[in-house]
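Novice: Here is the input, now give the coordinates:
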Amino acid sequence: MKRLALCTFALFLIAAPALANDVQTVTITSGTIAASGSYSKAVNVTLATGLFSLQGRVTGSGTVKIEYECSDDGITYREPQGASDIAAGLTATSGPESDGRFILQFFPDFSKYLAITITETGGGSSAAFVGTLALETKAK
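Specialist: Numbers count the residues shown, from 1 in each chain. This next block holds a predicted model:
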């Protein structure tokens, strides 16, 4: 029994590094988005395992929608059929503390590249977005 426990523990020590994943983060800063304008940031997600979150803050007087678009060639990006927006209707007073700050988990379709697109949807005022995209990746 003691030998079995020792072998199991040794196997765990050998396998544990292979089971661990990393988290990659990418800063997304739109600057000012004019009324009805948009900003997009593309990210290579080849090593992503499927867990994504976006933390950010909206400032300015506008209203923003945040969505993702996918690409396999890194040139043409499209919103997948049946995809849902990451968030819509966000303002400088959105979020749990009404300060424009939020963190959201989302589940994009499989692709090599992912673009986060922020669009000002209010049509009358500008807005800005500053945030961090986090994705779980396979350990190297």
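Novice: in this structure, which helix or strand is least confident?
Specialist: helix 2-19 (a mean of 47; mean pLDDT, DSSP states H and E).
Novice: Can you name the element that comes right after that helix?
Specialist: strand 21-33 (DSSP states H and E).
Novice: Direction included, what does the helix or strand that that next one is followed by pair against?
Specialist: Moving toward the C-terminus from strand 21-33, the next helix or strand (DSSP H and E) is strand 38-44. With DSSP bridges as the test, strand 38-44 is paired with strand 113-120 (antiparallel).
Novice: List the buried residues in the next helix-or-strand element following the partner strand.
Specialist: Counting by DSSP H and E, the next helix or strand C-terminal to strand 113-120 is strand 127-138. Within strand 127-138, the residues scored as buried using 16 or more other C-beta atoms under 10 Å are 127-131, 133-137. For glycine as for every other residue, the C-beta is placed from the backbone atoms N, C-alpha and C.
Novice: from these, which single one is nearest S40?
Specialist: The closest of the buried residues of strand 127-138 to S40 turns out to be F129 (C-beta to C-beta; 11.2 Å).
Novice: What is the burial count for the closest residue to the closest one other than its chain neighbours?
Specialist: Distance criterion C-beta to C-beta, 6 or more residues apart in numbering; nearest residue to F129, sequence neighbours excluded, is S30 at 4.3 Å. The number of residues packed near S30 is 24, by other C-beta atoms under 10 Å.
Novice: Tell me the predicted confidence for S30.
Specialist: What the model reports as pLDDT for S30 is 92.
Novice: got the contact list for it?
Specialist: S30 is in contact with 39, 118, 128-130, counting by C-beta atoms under 8 Å, 6 or more residues apart in numbering.
Novice: What of T119?
Specialist: Contacts of T119 by C-beta under 8 Å, 6+ apart are 33, 36-39, 64-67.
Novice: likewise L90?
Specialist: By C-beta under 8 Å, 6+ apart, the residues touching L90 are 58, 63-66, 100, 102.
Novice: out of those, which are inside helices?
Specialist: Of the positions in the contacts of L90, not one sits in helices, assigned by DSSP state H.
Novice: Great, nothing more from me.
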